[in-house]
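Undergrad: Got a predicted structure plus its sequence, pasted below:
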Amino acid sequence: QVQLVESGGGLVQAGGSLRLSCAASGSIFSINDMGWYRQAPGKQRELVATITSGGGTNVADSVKGRFTISRDNAKKTVYLQMNSLKPEDTAVYYCAATIKSGWSSKPYQYWGQGTQVTVSS
């Protein structure tokens, strides 16, 4: 069984910073892409940023230049550094990872439980 556990959300004023972390644990053979998504009230879940096992990144235009995604493969952890936060960044942020549980297993995308980020104006 695989678990993704997020931490680091909270309440911050506009212009402030937060750092989210997501650690994977359990039956893990390998981790491919890891990433962050967010869902604001009344809106669909959207991609924020993803990172490959080799460090290649894909970042949404809405957060480019403000958010940075990184990962520590040894710790099976992905991070999201969020700077210059805006009220429109308010959402539940979800971690996702594509994980193989065994050598012959198919990769499967797992999700964390979500962490609330609230940016006040």
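TA: Thanks, I have it. Numbering: from 1, shown residues only.
Undergrad: Distance of W103 relative to F29?
TA: 6 Å (Cβ to Cβ, to the nearest Å). Any C-beta I mention is one placed from the backbone N, CA and C, and that applies to glycine too.
Undergrad: When those two are compared, which one has more neighbours?
TA: Remark: of W103 and F29, F29 carries more neighbours, 12 against 7, as counted by other Cβ atoms under 10 Å.
Undergrad: the residue most distant from the middle of the chain, which is it?
TA: Centroid-distance maximum for the chain: S104 at 26.4 Å, with Cα atoms, centre = their mean.
Undergrad: ok, it - contacts?
TA: Applying Cβ atoms under 8 Å, 6 or more residues apart in numbering to S104 gives no contacts.
Undergrad: Tell me what the residue nearest to the spatial centre of the chain is bridged to.
TA: In the chain, the C-alpha closest to the average C-alpha coordinate belongs to W36, at a distance of 2.7 Å (Cα atoms, centre = their mean). Counting by DSSP bridges, W36 forms beta bridges with A49, C95.
Undergrad: go on, G10?
TA: Counting by DSSP bridges, G10 forms beta bridges with V117.
Undergrad: Kindly report the same for the one 10 residues further on.
TA: With DSSP bridges applied, the residues forming beta bridges to L20 are L80.
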